[in-house]
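> Fold the following and give me the result.
(one chain, ligands or ions: 1)
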Amino acid sequence: MIYTGGTLGMTYDAAGQLRPFDFAQILDNLPELDRLAFTLSVIALEPPIDSSNVTPTHWLQWANLIAEHYDSHDGFVILHGTDTMAYSASALSFLLDGLAKPVVFTGAQLPIGSIRTDARENLITALEIASARDAVGNPLVPEVCIYFHSRLLRGNRAKKVESTQFDAFYSENYPPLAEAGVTIEYRPALISPYTSGRTLRIQPRLDDRVAVLRLFPGLSRPVVESLLHTSGLRAVVLETYGSGNAPTTGWFTDCIAAAIRNGLVVFNVSQCMGGRVVQGRYATSRHLLDIGVRSGADITTEAAVTKLMYLLGSGDLTQIIVPIRGEMTL
Ligand code: ASP
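Numbers count the residues shown, from 1 in each chain. Here you go, the predicted structure:
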């Protein structure tokens with residue numbers, strides 16, 4: 001179990017603000033951990049952070065930490081703030097190439113010390129999932145996922161959808177891998193199959209020269225131009241309308257086309273929670289196809305941003321429009 005921070009481990013300070021706190025209080029609030037049927041190692045990273053402060057450097061650090069402890073452990077739980085958990089889970093799904101063990105992210109909407117906390121159930125069930133094996137001893141969920149409020153979601157398909165209800169994560173384009181009630185019901189047909197003999201390999205670099213350009217009616221030319229002219233920028237996630245649609249206004253098309261000609265990768269991701277980008281379905285997306293915008297199909301923005309960082313870091317963008325970790329369906 002790797003503790004990175006987040007509300008789960010926070011307490012209220014004198015000003016009534018939630019701040020990351022010492023990991024020891026988590027263990028004090030969870031005497032159940034002594035009754036687990038397996039051995040638990042705990043790594044508390046210092047300092048614990050609010051996940052708004054997560055950076056790609058943290059993702060590389062966590063991926064390498066998992067690699068370091070990979071052979072001696074059967075599964076991993078990462079305690080993380082909910083705000084950027086979907087980004088972190090996506091990033092780790094790409095970084096952990098050859099993963100054959102569970103990596104389960106979880107967190108909470110209320111600190112573990114609160115009477116009505118959701119932290120206890122989330123954490124205990126995440127541990128149970130990370131240690132779950134089939135009849136021949138293979139892990140049931142050998143992939144990066146998020147467990148939250150009774151649902152196990154593929155990490156690179158999940159989005160934070162709630163800041164007040166306990167039901168904080170959802171995956172509109174891929175069904176839950178498991179649901180936890182009195183028992184945990186796994187759906188093997190939806191889970192990446194376990195393959196023996198795989199070697200974990202961590203790419204040493206992520207390239208953060210990525211931006212997100214979200215369309216809205218009234219988006220002005222100076223804003224688009226200044227973003228596309230950002231020095232060193234390598235890729236843009238273009239958050240379009242509906243099934244991948246964008247204005248057909250001449251200046252907009254010309255700006256994007258010029259940027260692509262200059263080597264920028266433009267990745268079309270819909271602002272909709274569900275459904276997919278189909279460039280050419282409407283006249284308002286045909287121009288994007290014609291100028292070389294790449295279709296994100298049903299990928300989330302969180303997965304698109306981190307996939308671009310990963311592929312740019314590898315120097316090979318050929319896999320941008322194909323699924324590499326179950327993050328999109330063609
Ligand atoms: N701001 C917190 C974080 O993401 C929210 C949470 O953990 O739920 O670290």
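
> where does Arg201 land on pLDDT?
According to the predicted model, the pLDDT of Arg201 comes to 97.

> Check Met10 too.
For Met10, the pLDDT comes out at 83.

> tell me which residues form a beta bridge with it?
With DSSP bridges as the criterion, the beta-bridge partners of Met10 are Pro20.

> Quick check: the gap between it and the ligand.
Counting by C-beta to the nearest ligand atom, to the nearest Å, the gap from Met10 to the ligand is 7 Å. Just so you know, the C-beta spots here come from the backbone N, C-alpha and C atoms, and that holds for glycine as well.

> before we move on, what about Arg261?
39 Å.

> ok, now Leu18?
Plainly put, Leu18 is 7 Å away from the ligand if you go by C-beta to the nearest ligand atom.

> Confirm for me that that residue is in contact with Pro111.
Yes - under the contact definition of C-beta atoms under 8 Å, Leu18 touches Pro111, with a separation of 7.0 Å.

> Those two: who's more crowded?
Summary of the neighbour comparison: Leu18 and Pro111, criterion other C-beta atoms under 10 Å, with Pro111 having more neighbours (20 against 14).

> Close to the ligand: what parts of the stretch 101-250 of the chain are there?
Along the stretch 101-250 of the chain, the residues adjacent to the ligand under the rule C-beta under 6 Å from any ligand atom are 107, 109.

> Let's see that with 8 Å instead.
Within the stretch 101-250 of the chain, the positions lying close to the ligand (C-beta under 8 Å from any ligand atom) are 107-109, 163, 168.

> Closest to Asp134 out of the residues you listed?
Gly107 (27.1 Å; C-beta to C-beta).

> now stretch 3-19: how far from the chain's centre is it?
Taking the mean of its C-alpha atoms, stretch 3-19 sits 22 Å from the chain's own mean (C-alpha atoms, centre = their mean, to the nearest Å).

> cool, and stretch 102-111?
Averaging C-alpha positions (C-alpha atoms, centre = their mean) puts stretch 102-111 13 Å from its chain's average.

> Using PDB, write out every CA atom in it.
Output of stretch 102-111 as PDB, limited to C-alpha atoms (Å, rounded to 0.1, in the frame of the first residue of the first chain):
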ATOM      1  CA  PRO A 102      -3.200  -5.500  -9.800                       C
ATOM      2  CA  VAL A 103      -2.500  -1.800  -9.100                       C
ATOM      3  CA  VAL A 104      -5.600  -0.400  -7.400                       C
ATOM      4  CA  PHE A 105      -6.000   3.400  -6.800                       C
ATOM      5  CA  THR A 106      -8.400   4.500  -4.100                       C
ATOM      6  CA  GLY A 107      -9.100   7.400  -1.900                       C
ATOM      7  CA  ALA A 108     -12.100   9.000  -0.100                       C
ATOM      8  CA  GLN A 109     -14.400  11.900   0.000                       C
ATOM      9  CA  LEU A 110     -14.200  12.200   3.700                       C
ATOM     10  CA  PRO A 111     -11.000  11.900   5.900                       C
END
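
> Quick one: end-to-end distance for stretch 290-299.
Across stretch 290-299, the terminal residues are separated by 21 Å (C-alpha to C-alpha, to the nearest Å).
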